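[1] Just need the structure, nothing else, for what follows:
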Amino acid sequence: MYIGTRYSILDARNISHCTGWKPVLLKVKGPNMETVIKIIGIAIVVTGIAYLFRPDIMKRLMEFFKKDARIYIAGLVRFVLGVVFLLAARECDRSAIIGALGVLFLAGGVLIFILGSERMRRILEWWLTKPVWIMQILAVVTAAFGALIIYAA
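    Predicted structure coming up:
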């Protein structure tokens, strides 16, 4: 059974054995979660490559999330990604990796809400003081993380 798969009952005449009307269970495929995970992985790889060649994009993104309570958007996105990864883990080739990444995404999302916007603002300000080469290393790690997701899906 696949997560995301729905079943429906369809009445169909079963001609064999002359039993008359008999409900038949048909498998109706839901969204292909493996493809969803691969698309997320590709998006993360592309983001990492963009950050590598344009680290100022990462710094602008950090500046954006530093204002007001915008950091909670990132926390919500991480939480949702964690749920998606956990639901998709059974369909993926390496379900343990996708499941572990789902737990990490969930933990990251919850941690943002636990730490609060003020602490997260200070963490982002600390990252903003780092030199460009540190941001580029972080970009390579991001791209590698996306590649791992693609591989595991």
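
[2] quick one: the helices in the protein?
    Secondary structure of the chain (DSSP state H): helices located at 33-53, 55-66, 71-88, 95-128, 132-152.

[3] would a markdown table of these with mean pLDDT and mean neighbour count be doable?
    Placement of C-beta: from N, CA and C, glycine included. Below are the helices of the chain laid out as a markdown table (pLDDT from 0 to 100; neighbours: other CB atoms under 10 Å):
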| stretch | mean pLDDT | mean neighbour count |
| --- | --- | --- |
| helix 33-53 | 93 | 17 |
| helix 55-66 | 90 | 16 |
| helix 71-88 | 93 | 18 |
| helix 95-128 | 93 | 16 |
| helix 132-152 | 94 | 16 |
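
[4] now Pro55, nearest residue through space, not along the chain?
    Met135 (3.9 Å; CB to CB, 6 or more residues apart in numbering).

[5] Please report the distance of the one you found from Leu76.
    Per CB to CB, to the nearest Å, Met135 is found 24 Å from Leu76.

[6] about what we covered before: and the gap between the residue nearest to Pro55 and Leu115?
    For Met135, the distance to Leu115 - CB to CB - is 22 Å.

[7] Equivalent analysis for Leu81, please.
    Taking CB to CB, one finds Leu81 at 18 Å from Leu115.

[8] What of Tyr151?
    From Tyr151 to Leu115 the distance is 31 Å (CB to CB).

[9] Likewise for Arg90?
    Taken as CB to CB, the span from Arg90 to Leu115 is 31 Å.

[10] now do Ile150
    Taking CB to CB as the measure, Ile150 and Leu115 are separated by 30 Å.
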